[in-house]
Structures are given as structure tokens and as C-alpha cells.
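Asks: have a look at this prediction, sequence included:
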Amino acid sequence: MDRTAFPPGFVWGTATASYQIEGATAEGGRLPSIWDAFSRRPGAIADGSTGDVADDHFHRFREDVALMADLGLDAYRFSLAWPRIQPDGRGGVNRAGLDFYRRLVDALHEHGITPWATLYHWDLPQALEDEGGWLERDTASRFAEYAALAVDGLGDVVSHWITLNEPWCSAFLGYASGHHAPGRQEGSRSARAAHHLLLAHGLGLDEIRRRSPAATAGITLNLYSVHAASGSAEDADAARRIDGLSNRLFLDPVLTGAYPEDVLDDLGETAWFADNVSGRDLAAISAPIDFLGVNFYSRHTVAAGAPADHAPTTDAAGFEARQAAPSAYPGSESVAFVGTDAPRTQMGWEIHPDALVDVLEMAAERAPGLPLYITENGSAYEDVVASDGSVDDPERTEYLRLHVDACGEAIRRGLPLRGYFAWSLIDNFEWAWGYTRRFGIVHVDYETLQRTPKQSGRWFARFLGGPLGRPAESALASGRG
Ligand code: FCB
């Protein structure tokens with residue numbers, strides 16, 4: 001199988017995020033983000049690490065872009081660090097920060113790779129968190145101002161924009177369980193952060209439309225296919241709740257202009273939403289997008305019951321502390337996440353390629369014909385570096401192959417899937433897991449920062465017809481005989 005089995009124009013790419021790869025957190029006028037602050041909290045990150053250096057992509061981006069060209073990618077999804085472009089979340093643009101992205105984008109264009117820029121992949125300027133962060137409505141206006149600066153600065157060279165990455169994680173891992181920055185535990189009030197994030201999407205989208213009318217713009221959501229563990233009414237209700245909080249709370253306002261009432265009710269937030277969400281908010285949130293980005297990793301099986309029996313398998317902070325931490329599903333604390341016999345990745349996430357088709361259907365039901373992209377999909381496994389420096393990762397390769405296959409199946413079923421971005425180009429700072437989880441199709445040695453394409457990367461290159469996938473040239477490309 002190779003890319004010729006897919007429609008012409010189907011976009012193949014890889015994805016990354018600023019804080020996870022850039023490093024250079026104090027260079028070029030960048031100020032701290034919530035992740036700089038959170039990662040310094042004792043116990044917040046599994047290996048006590050930070051993104052201070054990460055992959056040093058800030059200095060090595062040319063090498064990384066050359067790797068992308070070797071892989072044969074059409075597109076590269078990356079995120080802009082808000083605290084590089086507008087370091088304290090207010091005021092004019094920081095030229096040095098913007099220039100970094102211009103250099104990156106120029107390098108991409110030199111190699112014929114289309115840049116897909118995400119405006120917000122979780123690195124809120126700490127100055128805005130000090131003023132209340134996403135629990136404050138004003139943060140949405142701050143975001144719109146930042147979006148305007150980014151589009152004014154890069155709109156001539158970037159034509160694909162994603163406003164937010166996975167607002168579910170920002171709201172509920174950030175403000176309910178506290179497993180992610182800013183590490184607050186605000187219970188059901190965290191749903192207000194979800195509204196402010198979605199409002200930020202709407203206001204930011206409007207800035208993109210006004211400043212770059214020809215641009216293609218959308219939002220990326222993490223969607224899960226949610227299954228009840230049994231046919232009982234209690235388990236069905238557990239599934240309704242988790243589907244509501246994970247999927248419908250975001251899909252419905254963006255695609256249909258309304259919040260799901262049952263979810264607000266589960267949260268006990270009906271009155272706040274009635275008092276604080278205007279028709280104008282909903283109009284902005286549901287303004288037409290050109291595509292929906294879907295991040296797909298796994299599926300959930302849930303049951304009514306005590307959560308302590310079954311630790312959730314899906315958020316990125318799974319330490320012992322998790323048991324003590326509040327749920328990332330406020331108002332639905334009694335739901336248990338149940339394991340099935342499906343194989344799992346190192347994250348504990350079950351592998352269900354068929355569920356990729358389910359989540360695309362979920363989106364297509366609400367917005368028939370809207371172009372869909374898988375903007376992230378991938379797996380963590382423990383890598384072993386062989387004595388010759390090579391990294392064979394058969395499990396990650398198989399995960400990738402199965403999910404690429406599932407994309408083919410989605411297209412056969414008539415779903416408007418238009419592209420696939422593998423997570424991730426390179427190993428990186430995996431949030432609360434620090435450097436202990438590797439998702440890259442290219443290995444990074446954190447001592448030397450050397451990049452080495454893994455077997456999965458070579459498989460992808462072969463699939464795409466990239467130089468690294470051609471046996472004779474791959475030796476040259478990797479610099480090894
Ligand atoms: C997603 C995030 C991405 C990465 C993957 C594994 O939730 O968007 O940054 O951490 O999970």
C-alpha cells in the first residue's frame with residue numbers, strides 16, 4: 001500500500017507543538033507560559049523535566065525541515081507560541097518571535113511543504129493566567145488580539161490556520177483535574193474555561209477571516225468513540241455523560257451553535273451558561289469553518305461505578321497522584337473507565353483503529369460535507385536504540401499502518417476525510433510525562449539532540465515516496481552507510 005491508494009490531493013503530514021519541541025524558552029523576547037511555570041512545580045512532571053531545551057527545534061529547525069522533506073511530507077502542522085509573539089499576552093507584536101516562525105515557514109516553502117499553523121497548543125502567557133487564565137472571559141479577547149498579530153505577521157506565507165488544539169484538555173486537564181498547566185482544580189467551574197476557549201476560537205476565526213480572507217481555517221478537537229461496558233441503563237448513562245463532556249460539549253456549539261443541555265445539567269452549570277453565554281457568543285463559535293481537525297488516539301469504554309477501580313486511560317498524567325486528584329470529568333465522577341482486551345500503547349491507551357471512522361462519522365453527522373482532517377494520530381512505545389544507532393519500532397509502525405488503513409476505510413465509506421497528520425515528527429516533551437513517552441517517528445537522543453528516523457518514519461517515507469523510503473538514497477539521507 002502507498003499513497004496512490006488515496007485520492008490525489010489527500011494531504012499527508014506530521015504534527016508538533018511549540019512547547020513540546022522548541023526549547024529556547026528565554027530567547028528572542030519570549031516570556032514564560034503556563035507550561036514553564038507548571039513544569040517547575042514539584043511532582044507535576046513525571047521526570048521532573050521542563051521544555052527549556054526540549055528538541056532545541058528553535059535552533060535546529062532547518063535540520064527538522066530537511067527531515068520532513070526526506071520523509072516526503074506534503075504539510076507540516078506546528079504551533080505558534082503565544083508568549084513568543086505577544087510575550088505577556090497584551091500589546092504589540094514581538095518581532096523576534098514572529099521572525100522565528102517566518103524563518104521556519106520560509107524553510108518549509110523552500111521544500112514545497114505547506115505550513116499548517118495552530119495558534120494555541122496550550123502555552124498561554126503566564127501573565128494572562130495570573131489574571132485568571134481561561135476562567136476569565138477577557139482571555140478570549142486577548143486571544144483574538146494575538147490571532148490578529150499572528151495573521152498580520154504571517155498571513156502572506158501561511159494560508160492554513162487552526163485556532164485551538166484540543167480545548168477539552170485545556171479546560172478539563174488544566175482547570176479540573178489539574179494534570180496539565182495551569183494545574184488548577186476548579187471542579188465544574190472548569191466548563192466556563194471551555195466556553196471561553198470556544199469563544200476565543202470564534203473571535204480568533206473572525207480575525208483570520210477579516211485579515212486573510214483567502215485563508216483556510218478550522219479548529220482541532222480530540223474526539224473519542226465512547227462505548228458503554230454493558231447494556232444496562234446505568235452504563236448507557238455513563239456513556240452519555242462521557243460522550244457529552246468529551247465530544248458534544250465542543251462539537252455541538254462549533255458545528256450546530258448550541259451547547260448540549262444534558263451536559264450543562266450534569267455539570268450543574270446550566271445557570272452560568274444561561275447568564276453568560278449570549279447569542280452573539282454562539283454565533284461567533286459556530287461561524288463556518290473550512291475544515292474540522294480531529295485528533296484521534298483511542299476510544300473509551302465506560303461503566304457506572306467507582307472510578308478508583310479503573311484509572312482513566314486517556315489523560316496524559318497518570319501517576320499515583322491521579323488517584324487522589326479530582327476527575328477530569330467534573331459532575332461525572334462516578335463514571336468508571338473500563339479496560340477491554342484490546343492491545344494498548346505505552347500510554348495505556350487502547351488501540352481501536354475502527355473508532356477513527358466512528359469519530360469522523362460523529363463530525364459528519366453534524367456538518368455533512370465539511371472537510372475533515374486527522375490532525376494528530378500516533379503512539380508511544382519504549383524505543384530501543386541498536387548498537388548501529390538504528391531504532392526499530394515495529395509496534396509504532398503497525399499502529400501507523402492500521403490507522404492509515406482506517407483513513408482509507410473512512411474514504412471508502414464516503415466521509416470527507418482530506419488529510420492525515422502523524423503525531424509526531426520527533427520525540428518530544430510529552431506534557432506531564434516529560435521525556436518518558438516517545439511519540440516520534442524520528443528518534444531524538446536527549447543527550448546529543450541527534451535525530452534518527454525510526455523504522456516507522458522509514459515506513460511512512462516509503463508510503464509517501466519520500467527519499468528516506470528509497471533504499472539507495474536513505475543511507476545518504478541519514479548520513480549512515
Ligand atoms: C494530544 C496533544 C499532543 C500530544 C498527544 C500525544 O492530546 O495534542 O500535544 O501530547 O496528545
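Replies: Perfect, thanks for sending it.

Asks: can you pull out the strands in the protein?
Replies: Here the chain has its strands, by DSSP state E, at 11-15, 75-79, 114-120, 160-165, 216-222, 225-228, 291-295, 299-304, 335-337, 372-376, 417-423, 442-444, 451-453.

Asks: average pLDDT for stretch 365-375?
Replies: For stretch 365-375, the mean pLDDT works out to 99.

Asks: before we move on, what about stretch 23-34?
Replies: 98.

Asks: now do stretch 73-90
Replies: 98.

Asks: may I see the buried residues of that stretch?
Replies: Neighbour counts over stretch 73-90 (16 or more other CB atoms under 10 Å) mark 73-87, 89 as buried. For every residue, glycine as well, the C-beta is placed using N, CA and C.

Asks: give me the local confidence score for the nearest residue to Thr216 once chain neighbours are set aside.
Replies: Excluding the flanking residues, the one nearest Thr216 by CB to CB, 6 or more residues apart in numbering is Asp290, at 4.5 Å. On pLDDT, Asp290 comes in at 99.

Asks: Asp290: neighbouring residues, count only.
Replies: When neighbours are defined as other CB atoms under 10 Å, Asp290 has 14 of them.

Asks: just Leu223 next, same as before
Replies: 27.

Asks: now do it against Phe250, distance only.
Replies: 8 Å (CB to CB, to the nearest Å).

Asks: now the stretch 51-200 of the chain, which segments are flagged as low pLDDT?
Replies: For the stretch 51-200 of the chain, applying pLDDT under 70 flags no range at all.

Asks: same question for the stretch 301-450 of the chain.
Replies: Using pLDDT under 70, the stretch 301-450 of the chain drops low at 306-324.

Asks: got the residues of it near the ligand?
Replies: Contact residues, the stretch 301-450 of the chain versus the ligand (CB under 6 Å from any ligand atom): 376, 423, 430-431, 439.

Asks: now do the stretch 51-200 of the chain
Replies: 165-166, 169.

Asks: pick the one among the residues you listed closest to Gly48.
Replies: For these, the minimum distance to Gly48 (CB to CB) is 21.5 Å, reached by Cys169.

Asks: doesn't His121 make contact with that closest one?
Replies: No: at 9.7 Å, Cys169 does not count as touching His121 under the criterion of CB atoms under 8 Å.

Asks: how about the residue in the stretch 1-150 of the chain positioned nearest to the ligand: what's its closest non-neighbour residue?
Replies: Distances between the stretch 1-150 of the chain and the ligand by CB to the nearest ligand atom are smallest at Ala17, namely 4.7 Å. Distances taken as CB to CB, 6+ apart put His121 closest to Ala17, at 3.8 Å, once the chain neighbours are dropped.

Asks: check contacts around that neighbour.
Replies: By CB atoms under 8 Å, 6 or more residues apart in numbering, His121 lies in contact with 17-20, 79, 165.

Asks: which of those tops the neighbour count?
Replies: Going by other CB under 10 Å, Ser18 tops the contacts of His121 with 28 neighbours.

Asks: can you tell me how far Tyr175 sits from Pro125?
Replies: 17 Å.

Asks: mind listing the helices for the stretch 101-250 of the chain?
Replies: Along the stretch 101-250 of the chain, counting by DSSP state H, counting those that start in this stretch, helices occupy 126-130, 138-154, 167-168, 174-175, 190-211, 233-243, 249-256.

Asks: output these as TSV; include the columns distance to Ser390.
Replies: Listed next are these as TSV, based on distance: least, CB to CB, whole Å:
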stretch	distance to Ser390
helix 126-130	40
helix 138-154	37
helix 167-168	37
helix 174-175	38
helix 190-211	42
helix 233-243	41
helix 249-256	41
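
Asks: so which of these is the most packed in?
Replies: Ranked by mean neighbour count, the helices of the stretch 101-250 of the chain are led by helix 174-175 with a mean of 28 (mean count of other CB atoms under 10 Å).
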